[in-house]
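Enquirer: Provide a 3D model corresponding to the input given below.
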Amino acid sequence: MHSSRGAFPSTGNERDKTLSRSALMEELRVQYEAAHESADVRRDIESFEAIDARMRKAFRWLERAITYLNGIKPAIAHRFDLGYGFVFESPRFEHGSVGQHERRMAGFPVLEQMDVYYDIAASKPLSIEVPTGWVSFAEKALDAFGLQYASRRVEESDKGRGKCIFSVAPAIPARVSFGVDHHAGLVTVTLTNVDRLERVSFEFSSTAIDEAVLEDLVRLMLGRGSAFLQRAPLARPRGRASS
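Expert: Down below sits the predicted model:
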């Protein structure tokens, strides 16, 4: 009996050669695409001078926008909800400012961070009654949102227990922070109490920080659109690159 290998002595070798050529081409294709993807990534990362110029332009744009908002004091169409039915009524933009922090990179000053600080004014303070056992939790929650409050304890002698009444000032501190990573070409934008009582961060390519993004940011601040939230993914934790 002849084995299949003996009956067809050349088929296996030809197949092996074909597979070998296919494997080689596949390997070369993978390496080629990886090289070009790496080159594309490198091209997408701007020089630190270009990033700095872009961020300074954004800073000037935001300064003008905040100046206008300070004069207009527009209503803000967001719901700032503490939970349990406690909501700040009729929020408005009260006053804002823009700040920046620089560092030196290759001997040059570059903008490392910029911040938009602004206060949201509600029409009246909140009055919140909290059982004695929940006072610590309430204080931590209010502190986490940066809210100002006063409290007083009320004893209920007939029931053998007490409560605490919190008076929360009708002012919400909000902030938008831009953290710049010149090495990675990334800008992390952190929103604090902007569209709700919460803190969340998004990660942008530096090339994405343009006037259209800033316009969407201001619209979000005023509750006139949420497109900004779809412009970038949530930021990933990362260490700061060394200069």
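Enquirer: How many residues are close by the closest residue to residue 91 other than its chain neighbours?
Expert: Computed as C-beta to C-beta, 6 or more residues apart in numbering, the closest residue to residue 91 that is not its neighbour in sequence is residue 76, at 4.5 Å. To be clear about C-beta, it is placed using only N, CA and C from the backbone, and glycine gets the same treatment. A count of nearby residues for residue 76, using other C-beta atoms under 10 Å, gives 25.
Enquirer: Residue 201 and residue 163: what is the separation?
Expert: Remark: distance between residue 201 and residue 163 (C-beta to C-beta, to the nearest Å) = 37 Å.
Enquirer: hang on, isn't the residue nearest to residue 91 packed against residue 122?
Expert: No. Between residue 76 and residue 122 there is no contact under C-beta atoms under 8 Å: 9.6 Å.
Enquirer: which SSE is the residue nearest the centre of the chain in?
Expert: For the chain, the residue sitting closest to the mean C-alpha position, by C-alpha atoms, centre = their mean, is residue 201 at 2.1 Å. If you go by DSSP states H and E, residue 201 is part of strand 199-205.
Enquirer: picking that back up, and for residue 76 and residue 122, which residues touch both?
Expert: Residues touching both residue 76 and residue 122 (C-beta atoms under 8 Å, 6 or more residues apart in numbering): 91-92.
Enquirer: before we move on, back to that, next helix or strand past the strand holding residue 201?
Expert: helix 211-222.
Enquirer: circling back to that earlier point, dump the residue contacts of the residue nearest to residue 91.
Expert: 91-93, 120, 221-223.
Enquirer: Dump the residues you listed to a markdown table, plus neighbour count and pLDDT.
Expert: Compiled in a markdown table, the contacts of residue 76 are given as follows (neighbours: other C-beta atoms under 10 Å; pLDDT from 0 to 100):
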| residue | neighbour count | pLDDT |
| --- | --- | --- |
| 91 | 22 | 98 |
| 92 | 15 | 98 |
| 93 | 20 | 98 |
| 120 | 22 | 98 |
| 221 | 25 | 98 |
| 222 | 18 | 98 |
| 223 | 16 | 97 |
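Enquirer: With distance to residue 208 added, can I get these in CSV?
Expert: CSV is the format used below for the contacts of residue 76 (distance: C-beta to C-beta, whole Å):
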residue, distance to residue 208
91, 29
92, 30
93, 25
120, 26
221, 18
222, 21
223, 23
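Enquirer: Would you mind checking which of those is nearest to residue 206?
Expert: Distances from residue 206 to these, taken as C-beta to C-beta, are shortest for residue 221 (21.6 Å).
Enquirer: if I look at the residue lying closest to residue 203 once chain neighbours are set aside, how far off is residue 161?
Expert: Leaving aside its sequence neighbours, residue 203 sits nearest to residue 235 (C-beta to C-beta, 6+ apart; 4.1 Å). As judged by C-beta to C-beta, residue 235 and residue 161 stand 44 Å apart.
Enquirer: who's more crowded, the two?
Expert: More crowded of residue 235 and residue 161, by other C-beta under 10 Å: residue 235, with 17 against 11.
Enquirer: Enumerate every residue touching the more buried one.
Expert: Counted by C-beta under 8 Å, 6+ apart, residue 235 has contacts 188-190, 201-203.
Enquirer: in this structure, which ranges drop under the pLDDT threshold?
Expert: 1-21, 32-44, 156-160, 237-243 (pLDDT under 70).
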